[in-house]
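>>> Following is a predicted model, sequence given first.
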Amino acid sequence: MEIKTQCPHCLGRYLVDDDMLGESIRCVRCEKAFEVKEYLPPAPPQRAKLRLKAAVDVVVRGGADAAEKRVPHLGLELAAIPPGSFRQGAEGGYLSERPVRTVHLTYPFWMSRCLITQAQFREVMARNPSYFEGDDLPVESVTWQEALEFCRRLTEIERVAKRISPSLHFRLPTEAEWEYACRAGLRPAAEGQEEPAELRAFWRGDPEALKAYAWFDLDSEETPHPVGTLKPNPWGLYDLLGNVAEWCMDWYGPYPEGEVTDPKGPEAGRRKVRRGGGWASVARRCRAADRIGVAPATASGLIGFRVVAVRIGEPPFSYNYHVW
C-alpha cells in the first residue's frame with residue numbers, strides 16, 4: 001500500500017510504500033535525507049480547488065496546437081518550432097562543420113526562448129553552481145549530466161502536477177534541433193544578391209551584425225548578462241549565439257554523408273556537443289554551424305543550456321520516485 005510523505009526541508013512530496021515508514025530516504029529535489037512519515041494535507045477550500053482545476057485545464061488542453069508553452073511557476077516560456085528541413089553545417093566553416101547536409105525534422109517541438117537562468121535552476125535543483133551569480137543570469141558551471149537531471153526533475157514535477165500531458169517530456173535539444181531553431185528558416189542569399197545584416201549574424205559571424213544578438217568577446221565586458229536582453233532570432237529565441245554556450249543531447253562526432261531524418265548523433269562517444277558562442281567567444285565561434293565537443297563532466301563558466309519539450313521518443317532518463 002502506498003502512502004504520502006513530505007520532505008521537511010524543501011516540502012517536496014512523494015508516494016512511497018507503507019513499509020518504508022520510519023526509514024530514512026533522500027529527497028530528489030534538495031538531496032537531503034529525511035524520515036518517512038505519513039503526511040495528510042488539510043483539504044483546501046472548495047474555491048481553491050476550482051481555481052486549480054481551471055488552471056490545469058488551460059495548460060493541458062493547450063495540447064500540441066498551442067503556439068507557446070509556459071511553465072508558470074518558473075517563468076519559463078517555450079516557443080513552438082514547426083517541422084521542416086534545413087542545410088546543416090557550413091562549407092566555409094571548420095572541418096567539423098562539413099560535409100554540409102540536408103536534415104529533415106518531421107515533428108514539432110518547443111524550445112525555451114531563453115537560456116535557463118540561475119533562479120530557475122535553483123528552484124528545480126535546490127542549488128546554484130554558477131561562478132557569476134545573479135538570478136537573471138544564465139546558469140553556468142553546470143555539467144551535461146546536471147543539465148539533463150534538471151530536465152528529468154522538471155518533467156517529473158510538471159507531470160505529477162498535471163501541468164503537462166504524460167506524452168510530453170523535457171530534455172536537452174539535439175544538435176539538429178538546435179541548429180534548425182537557430183537558423184529559423186533563414187537561407188543564404190542567391191548568388192549576386194546581398195545578404196541582410198540579420199542573416200549575416202547567423203551565417204557568417206559578422207561582428208557588427210552579431211552585436212544586436214549576442215554577448216561575445218567584443219561587447220560582453222568579460223561576463224555573462226541577464227538573459228533575453230538583446231534581439232531574438234526570427235522565431236523568438238534569445239542568446240543563441242552568445243552569453244553562454246549550450247549543451248546538446250548528442251555525442252560529438254563527424255557528420256555522415258547524405259540526407260538524414262530526425263538525427264540523434266552517434267550512439268556513443270567521449271564528448272558531448274556544445275553549440276552557440278559565449279561571452280568570451282570570438283565572432284567566428286558565434287555562428288549557427290559552429291560546433292565543439294566537450295567532456296560531459298566539464299563544468300565551465302562558459303557553458304549553460306536551454307531545454308526543449310517533445311512528444312517524440314522515450315525520455316532519456318528514468319524516475320526514482322512518484323512525486324505528487
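On my side now, so go ahead. Numbering: from 1, shown residues only.
>>> Test my guess that C7 contacts A33.
No. Using C-beta atoms under 8 Å, C7 and A33 do not qualify as a contacting pair, with a distance of 9.3 Å. In short, each C-beta sits where N, CA and C put it, glycine included.
>>> what residues are shared contacts of those two?
C27 (C-beta atoms under 8 Å, 6 or more residues apart in numbering).
>>> So for those two, which sits in the more crowded spot?
C7 (20 against 11; other C-beta atoms under 10 Å).
>>> Grab the nearest non-local neighbour of A299.
In space, and not counting its chain neighbours, A299 is closest to S141: 4.6 Å by C-beta to C-beta, 6 or more residues apart in numbering.
>>> Pull the contacting residues for that neighbour.
If a contact means C-beta under 8 Å, 6+ apart, then S141 has P129, S130, Y131, A299, S300, G301, I303 as its contacts.
>>> Could you verify my assumption that A201 touches F216?
No. Assessed by C-beta under 8 Å, A201 is found out of contact with F216, at 10.7 Å.
>>> what do the two both touch?
Joint contacts of A201 and F216 (C-beta under 8 Å, 6+ apart) are L210, L241.
>>> To what extent is L76 buried, counted in neighbours?
22.
>>> ditto for V273
Taking other C-beta under 10 Å as the criterion, the count of residues near V273 is 25.
>>> For E179, see how far away it is.
Note on V273: its distance to E179, by C-beta to C-beta, to the nearest Å, is 10 Å.
>>> List only buried entries from the contacts of S141.
Using 16 or more other C-beta atoms under 10 Å as the burial test, the contacts of S141 include P129, S130, S300, G301, I303 as buried.
>>> Name the nearest of the residues you listed relative to L168.
Among the buried ones among the contacts of S141, I303 lies closest to L168 (C-beta to C-beta), at 26.1 Å.
>>> Surely the closest one touches W247?
Yes. With contacts counted by C-beta under 8 Å, I303 reaches W247, the gap being 6.4 Å.
>>> so what sits against both of these two?
Overlap of the contact sets of I303 and W247 (by C-beta under 8 Å, 6+ apart) consists of V142, R274.
>>> circling back: higher neighbour count, A201 and F216?
Higher neighbour count among A201 and F216: A201, with 27 against 24, using other C-beta under 10 Å.
>>> can you confirm the more buried one is in a helix?
Yes. Assessed with DSSP: H, G, I helix; E, B strand; the rest coil, A201 lies in a helix.
>>> Just the pLDDT for it.
Per-residue confidence (pLDDT) for A201: 84.
>>> likewise F34?
For F34, the model assigns a pLDDT of 81.
>>> That one pairs with what?
Legend: beta-bridge partners of F34 under DSSP bridges are I25.
>>> What distance do you get for it to A283?
F34 sits 50 Å away from A283, going by C-beta to C-beta.
>>> of the two, who's got more company?
More crowded of F34 and A283, by other C-beta under 10 Å: A283, with 22 against 17.
>>> Now that the more buried one has come up, it's in contact with W215, right?
No. Using C-beta under 8 Å as the test, A283 is too far from W215 to be in contact (11.8 Å).
>>> May I ask which helix or strand encompasses A309?
With secondary structure defined by DSSP states H and E, A309 is part of strand 308-310.
>>> and if you look at C182?
Using DSSP H and E, C182 falls within helix 175-183.
>>> buried sites along that helix?
For helix 175-183, the neighbour count (16+ other C-beta under 10 Å) marks E175, A176, E177, W178, E179, Y180, A181, C182, R183 as buried.
>>> Report the backbone C-alpha coordinates of that helix in CSV.
C-alpha atoms of helix 175-183 as CSV (Å, rounded to 0.1, in the frame of the first residue of the first chain):
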residue,chain,number,x,y,z
GLU,A,175,22.3,19.2,-32.3
ALA,A,176,20.0,19.2,-35.3
GLU,A,177,17.1,20.7,-33.3
TRP,A,178,19.4,23.4,-32.0
GLU,A,179,20.8,24.5,-35.4
TYR,A,180,17.4,24.3,-37.1
ALA,A,181,15.9,26.5,-34.4
CYS,A,182,18.8,28.9,-34.5
ARG,A,183,18.6,29.4,-38.3
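>>> Kind regards, and thank you for your time.
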